[in-house]
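**Student:** Here is my input, please return the structure:
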Amino acid sequence: MKLQIIYDDGTIEEVTPKKVEVIQSQKQNLAHYKYVDEEKHIIFHAYLPTDEEPTVRPAEITKRIAHEMESKKVVAKSYTMQADELMTKAKMMTMMGGTMMTKCYYCGDPATNEYQGKKVCSSCFRMLSQYKENSQEFQKYLKSKVIDRWK
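**Tutor:** As a prediction, this is how the structure comes out:
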């Protein structure tokens, strides 16, 4: 297979894309061809019908994607855990009388933002930005956030 690229200035370049894989399809298998030229910023993909045996089956692709997604979830979970740990340490510092930290006007967590002149934590700020202070959504959020503190 040859690929002919005709540029705006009239120059013609003939290139040969690489066959990457043959994918199993419902009707007919598809050959995936790819050409990349990073210097000229050209990326070309073509999927052409073929009688060749598939090298990749949809189940394999699904498994590969699922594995990649799982590894990204693990990374995201570790970031969340680190953030929670840092927030807990910040709370402990305020309780121990270390550096004086401003507390959230609504929930008492360490304040990191300001909303209408009030110091608020990042989670309350996010909700206040999305909904307003007197909205039912924010009131429900705040109630569920601080309910355990009253026990």
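**Student:** remind me, longest helix of this protein?
**Tutor:** Counting residues, the longest helix found in the chain (DSSP state H) is helix 58-95.
**Student:** for that one, what is the average pLDDT?
**Tutor:** Average pLDDT, helix 58-95: 75.
**Student:** Number the chain from 29, please
**Tutor:** All set: I'll call the first residue 29, so the last point we hit is now helix 86-123.
**Student:** moving C-terminal of it, what's the next helix or strand?
**Tutor:** Downstream of helix 86-123, the first helix or strand assigned by DSSP states H and E is strand 141-143.
**Student:** low-scoring pLDDT stretches of the chain, where are they?
**Tutor:** Applying pLDDT under 70 to the chain flags residues 85-88, 121-129, 178-179.
**Student:** Buried ones in stretch 147-163, by neighbour count?
**Tutor:** Neighbour-count burial for stretch 147-163, counted by 16 or more other C-beta atoms under 10 Å, picks out 147-149, 151-153, 155-156. For every residue, glycine as well, the C-beta is placed using N, CA and C.
**Student:** ok so, going back, gap between the longest helix of the chain and the chain center?
**Tutor:** Taking the mean of its C-alpha atoms, helix 86-123 sits 11 Å from the chain's own mean (C-alpha atoms, centre = their mean, to the nearest Å).
**Student:** Can you give me the distance of residue 150 to residue 43?
**Tutor:** Residue 150 sits 51 Å away from residue 43, going by C-beta to C-beta, to the nearest Å.
**Student:** Kindly report the same for residue 69.
**Tutor:** For residue 69, the distance to residue 43 (C-beta to C-beta) stands at 14 Å.
**Student:** Same check on residue 118?
**Tutor:** Noted for residue 118: a distance of 57 Å to residue 43, by C-beta to C-beta.
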